[in-house]
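Asker: Fold the following.
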Amino acid sequence: MAYCFVLAATVNRTLVLFDDTNLWKYSGDTWDTVFKPIGKCNRSHFEVSEIVHWDGSDQKDRIIGLPIIDDLINKPEQVPLSFPKQISETLLKHHSNPPVYFISQFIWYLMRSSDRMREILGKAEAKIPFRKGPIVGIQIRRTDKLKTEAVFHDVAEYMKWTEHWFRIQELRNDSKIERKVFIATDDPNVFKETREKYPNYKVYGDSSVAETAQMNSRYTDSSLYGVITDIQMLSKCDYLVCTFSSQVCRMGFELMQVRVGDAGHLFHSLDDIYYYGGQQAHEEVVVLSHVPRNNDEIELGIGDKVGIAGNHWDGHSKGTNRAHGKTGLYPSYKTKELWRIIDFPLFDKL
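Answerer: Here you go, the predicted model:
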């Protein structure tokens, strides 16, 4: 939905959610049950026969249908991780990761809560002492992810980085800080394990939400309410420890940008770097040359472009040097972001 919203803004069109009752697999209810309507236009304003598949930004057809981002042909350059050149100077001055901040505004608007969802979120937030000292948000996704996209990470790995963050805050503030975490997970056993192994931590979170996230109940109303609640509660935490292979954590991180401003550094991912599914190539530019020290590394020349595949979180990243096409490891500090600063006509009059 967020990428559709960006494309609508790119081509100055109105975004309409089509037939969400039948096609929205997350629940038997409609979009408006949990979120506010996207706009005033809806399905009644056009006929199905009018819909023409997306073919590019210059299309003149009245109604254009968008597929999931992975199936999008002639992908426009404005797709994430791009951000507008018209406001790039301001974004680069005030945010450490402008693409995240930019897309977060679209996601925040789409996720404006309905009255029912606002009530649910209010009850959940009332159980967590967000304004009474720092809380680290931990998101642990297992079940289906372990079969397709990610590896198993023990609770101890999450808690290692959680404790690391708390100790840094104590050094900065020269005072003891009460240990508190909010846990969002699809594994109900995580709550019991964390409380038993880390008795000095106060653990918040709802195990019933984890129960609804099981594969046999994931696409139900209660599961939908639960995952939205988890995302919103994660966004209210002071720091996130998670796996960015999970979209739940990435969305919590994105919404955190709206609440905090520059929260680009307030996370530790146990696996992926931040990405937006279906994004344009994430590239860096080399600022220090590098001669490979073993067969796993690649050569870097100043000014080379590197398509980054991931950060190994040990001082090295993996990527492909566009200059010679070789893929391998390289010292992360020898490159910097090559931001995708793109023209967005929508912002011309700002």
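Asker: quick one: residue 208 and residue 223, what's the gap?
Answerer: Distance, residue 208 to residue 223, using C-beta to C-beta, to the nearest Å: 10 Å. (Each C-beta comes from the backbone N, C-alpha and C, glycine too.)
Asker: Between the two, which is the more surrounded one?
Answerer: residue 223 (19 against 11; other C-beta atoms under 10 Å).
Asker: The more buried one and residue 233: what is the separation?
Answerer: In terms of C-beta to C-beta, residue 223 sits 15 Å off from residue 233.
Asker: Identify the residue spatially nearest to residue 185, adjacent ones excluded.
Answerer: Nearest-residue entry for residue 185: residue 140, 4.2 Å, with adjacent residues in sequence omitted and distances by C-beta to C-beta, 6 or more residues apart in numbering.
Asker: where are the low-confidence patches of this structure?
Answerer: 19-27, 144-150, 214-219 (pLDDT under 70).
Asker: quick check: domain ranges of it?
Answerer: Domain ranges of the chain: 2-79, 113-269, 283-337, per automatic domain parsing.
Asker: any idea how far the second one is from the chain center?
Answerer: What it means is domain 113-269. 13 Å (C-alpha atoms, centre = their mean, to the nearest Å).
Asker: okay but the residue nearest to residue 185 is in contact with residue 241, surely?
Answerer: No. Residue 140 is not in contact with residue 241 according to C-beta atoms under 8 Å; the separation is 9.2 Å.
Asker: any common contacting residues for the two?
Answerer: Residues touching both residue 140 and residue 241 by C-beta atoms under 8 Å, 6 or more residues apart in numbering: residue 158.
Asker: those strands in the protein, which residues are they?
Answerer: 51-53, 63-65, 82-84, 136-140, 180-185, 202-204, 239-242, 267-269, 283-286, 305-311, 316-321, 327-331, 335-337, 340-342 (DSSP state E).
Asker: helices or strands next to the third one in the packing?
Answerer: Translated: strand 82-84. On a contact count with 3 or more C-beta pairs under 8 Å, 6 or more residues apart in numbering; DSSP states H and E, strand 82-84 meets helix 98-110, strand 340-342.
Asker: closest one to residue 92 among those?
Answerer: Checking the helices and strands packed on strand 82-84 against residue 92 by C-beta to C-beta gives helix 98-110 as the closest, at 6.0 Å.
Asker: So what touches the closest one?
Answerer: 1-2, 5-6, 9, 35, 38, 80-84, 88, 91-92, 95, 251, 253-258, 262, 264, 274, 276, 339-340.
Asker: Those residues, buried ones only, as a PyMOL selection?
Answerer: Filtering those down to the buried ones (16 or more other C-beta atoms under 10 Å) takes a single PyMOL command:
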select buried, resi 2+5+6+9+35+38+80+81+82+83+84+88+91+95+251+253+254+255+256+257+258+264+274+276+339+340
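Asker: Which of the contacts of helix 98-110 fall within helices?
Answerer: When DSSP state H defines the helices, the subset of the contacts of helix 98-110 inside them is 2, 5-6, 9, 88, 91-92, 251, 253-258.
Asker: Residue 74: which of those residues is nearest?
Answerer: residue 6 (15.0 Å).
Asker: so can I have a markdown table of the helices and strands packed on strand 82-84 showing distance to residue 333?
Answerer: Below are the helices and strands packed on strand 82-84 laid out as a markdown table (distance: least, C-beta to C-beta, whole Å):
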| stretch | distance to residue 333 |
| --- | --- |
| helix 98-110 | 21 |
| strand 340-342 | 22 |
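Asker: Could you list the buried residues of stretch 28-39?
Answerer: For stretch 28-39, burial by neighbour count (16+ other C-beta under 10 Å) applies to 29, 31, 33-36, 38.
Asker: swap in stretch 192-204?
Answerer: Of the residues in stretch 192-204, 194, 198, 201-204 count as buried by neighbour count, 16+ other C-beta under 10 Å.
Asker: hmm, which two among these are most spread apart?
Answerer: Maximum distance among those (C-beta to C-beta): 13.0 Å, for 198 and 204.
Asker: which residue is nearest the centroid of this structure?
Answerer: Geometric centre of the chain, nearest residue: residue 250, 2.3 Å, by C-alpha atoms, centre = their mean.
Asker: Would you check that that residue makes contact with residue 279?
Answerer: No. Residue 250 lies out of contact with residue 279 (C-beta under 8 Å); the separation is 11.3 Å.
Asker: which residues do these two both contact?
Answerer: With C-beta under 8 Å, 6+ apart as the test, residue 250 and residue 279 reach no residue in common.
Asker: can I get the strands of the chain in TSV with distance to residue 44?
Answerer: Shown next, in TSV, are the strands of the chain (distance: least, C-beta to C-beta, whole Å):
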stretch	distance to residue 44
strand 51-53	14
strand 63-65	13
strand 82-84	33
strand 136-140	38
strand 180-185	37
strand 202-204	43
strand 239-242	40
strand 267-269	42
strand 283-286	43
strand 305-311	44
strand 316-321	48
strand 327-331	50
strand 335-337	44
strand 340-342	34
